[in-house]
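S.K.: Predicted model and sequence below, questions to follow.
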Amino acid sequence: MKRVTYACDASMPRKRGINPRPSVHWWNDYISVLRKECHKKRRISQRNYQRPNSVELIAEYKKACRELNKAIKESKRRCWKELIYEVDMFNKYEVACLTNINNAVKRERIGVTDNYYVKRSNIHVTGFFGRKD
């Protein structure tokens with residue numbers, strides 16, 4: 001029986017690690033605090049949904065969500081700029097690849113031209129960075 005138990009323990013772990021996913025590079029402690037606060041306010045607003053002060057609690061929750069989303073966007077933007085800065089700017093191929101990766105993240109949008117988004121169907125690429133003439 002010990003051999004069977006040993007074989008089972010070796011081939012089938014009893015539990016997995018805390019989080020099997022790797023952490024994202026833009027995550028930081030400030031975002032963790034904001035996320036915990038946002039979840040806390042969501043639970044409070046859901047618990048007190050039928051009470052008279054539910055409107056204020058929902059407003060606080062929405063404010064916390066906006067703050068969290070703003071912090072995430074700012075962190076992603078900052079990390080992207082750091083990555084671009086680390087790349088050798090004389091190697092144009094790497095810059096083009098990173099630009100394409102950044103553009104691929106945006107759905108059906110590839111860049112900003114004159115304060116509006118240019119759809120894929122309206123693109124006429126003439127330059128290195130895909131400017132519309």
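M.R.: Now that the structure is in, tell me what you want to look at.
S.K.: what's the spacing between Cys38 and Trp27?
M.R.: Here the criterion is Cβ to Cβ, to the nearest Å. By it, Cys38 lies 14 Å from Trp27. For every residue, glycine as well, the C-beta is placed using N, CA and C.
S.K.: More neighbours: those two, which one.
M.R.: Neighbours per residue (other Cβ atoms under 10 Å) separate Cys38 from Trp27, with Cys38 holding more: 20 against 14.
S.K.: Secondary structure element holding the more buried one?
M.R.: Element membership of Cys38, judged by DSSP states H and E, is helix 29-47.
S.K.: for that helix, what is the average pLDDT?
M.R.: For helix 29-47, the mean pLDDT works out to 96.
S.K.: ok, now stretch 8-15?
M.R.: The model assigns stretch 8-15 a mean pLDDT of 82.
S.K.: Report how far apart the opening and closing residues of it are.
M.R.: Terminal residues of stretch 8-15 are spaced 13 Å apart (Cα to Cα, to the nearest Å).
S.K.: in that stretch, what counts as buried?
M.R.: Within stretch 8-15, no residue qualifies as buried by neighbour count (16 or more other Cβ atoms under 10 Å).
S.K.: Please apply the same query to stretch 68-87.
M.R.: Neighbour counts using 16+ other Cβ under 10 Å place Leu68, Ala71, Ile72, Ser75, Trp80 of stretch 68-87 among the buried residues.
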